[in-house]
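Trainee: model this:
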Amino acid sequence: MSSLILAFGYIGGMLLVMSTFSYFWRRRKNADSSYEPWFAENRDRDIYISLIQKTDPPADELLLRSALLRRAMTDYQRLSKLREDKQALLNLVQRGAVGDDLWTILMDAEKELEQELMDVVSEANTFTENWGQFIFQNASEMVKHQRIKDLKREMKELKEKEEKAAKRREERERIGAEENERKERARSEKERKKAQEELLKDEAQKKKKISEKDKGKGKKK
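Mentor: The predicted structure is shown next:
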């Protein structure tokens, strides 16, 4: 299992290199074309071919098998997408919403993909007899497994985002509650001081009245 992980890691590094190369190559190739090819360059195919052509030293068989399986996974995904796109595009062409040029590009892509599938089957049989009959079944299982893995990762990321959002909300609510409590204490303290001042003022007025009353009694005597 660890060998497979290392092999896929090596292939992932080569994908990065090939993607940079293929980006500029596609730009030059399609500079004079009104439509781009239906699919981008098949980097997994290119990587497999580059590995199979290595002679000094030759690529390890496990690495080649892993690269071919990745190539089959890409082809399986493209085949699924092509089937969906073909029906949708056919409806658009029949309604006159798009031109025949786009349909021609899709048909070319379908022919290229058919040839690619045949090549993968042929290559698989060079490793193990009759593997070509099962390689795309293996690829579909790997794609489904990857989708489940991606879904779990997305769900985990979503859960983490929700938990962070909940923590931020709780923190805002806590800060808000503390601020409200502070304001309430300040208001209560202000009211207490005001009540105390009024009480002192009332007492002072009472004392003043008593004093004035006593002075009046003294004058009468």
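Trainee: number of residues surrounding D119?
Mentor: Using other CB atoms under 10 Å, D119 is surrounded by 15 other residues. In this view, the C-beta of every residue, glycine as well, is placed from N, C-alpha and C.
Trainee: the strand or helix carrying it: which residues count as buried?
Mentor: Per DSSP states H and E: D119 is located in helix 100-127. Within helix 100-127, the residues that count as buried by 16 or more other CB atoms under 10 Å are L102, I105, L106, A109, E110, L113, E116, L117, V120, V121, E123, A124.
Trainee: dump the residues you listed to TSV, plus pLDDT.
Mentor: Formatted as TSV, those follow (pLDDT from 0 to 100):
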residue	pLDDT
L102	89
I105	92
L106	92
A109	94
E110	95
L113	95
E116	96
L117	96
V120	96
V121	96
E123	96
A124	96
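Trainee: looking at the residues you listed, spot the one nearest A186.
Mentor: Nearest to A186 out of these is L102 (CB to CB; 70.5 Å).
Trainee: now the closest one: how far from E110?
Mentor: Counting by CB to CB, to the nearest Å, the gap from L102 to E110 is 13 Å.
Trainee: same question for E189.
Mentor: With CB to CB as the criterion, E189 and E110 are 80 Å apart.
Trainee: pLDDT weak spots in the protein?
Mentor: For the chain, the stretches flagged by pLDDT under 70 are 1-35, 212-221.
Trainee: before we move on, back to that, quick check: the farthest pair among the buried residues of helix 100-127?
Mentor: Across the buried residues of helix 100-127, the longest distance by CB to CB is 32.7 Å; it joins L102 and A124.
Trainee: count of residues packed around R65?
Mentor: R65 is surrounded by 19 other residues when neighbours are defined as other CB under 10 Å.
Trainee: and it, what does it touch?
Mentor: Shown in contact with R65 (CB atoms under 8 Å, 6 or more residues apart in numbering): F127.
Trainee: gap between it and Y48?
Mentor: Per CB to CB, R65 is found 10 Å from Y48.
Trainee: likewise for M155?
Mentor: Distance, M155 to Y48, using CB to CB: 32 Å.
Trainee: burial measure for R147, as a count.
Mentor: Using other CB under 10 Å, R147 has 11 other residues around it.
Trainee: what strand or helix carries it?
Mentor: R147 belongs to helix 135-220, assigned by DSSP H and E.
Trainee: now E41. Its backbone dihedrals?
Mentor: E41 adopts backbone torsions of phi -60, psi 140, taken as degrees, to the nearest 10.
Trainee: buried residues, stretch 125-141. List them.
Mentor: By neighbour count on 16+ other CB under 10 Å, the buried set for stretch 125-141 is W131, G132, I135, F136, A139, S140.
Trainee: grab the nearest non-local neighbour of the last one.
Mentor: So that's S140. Leaving aside its chain neighbours, S140 sits nearest to Y76 (5.4 Å; criterion: CB to CB, 6 or more residues apart in numbering).
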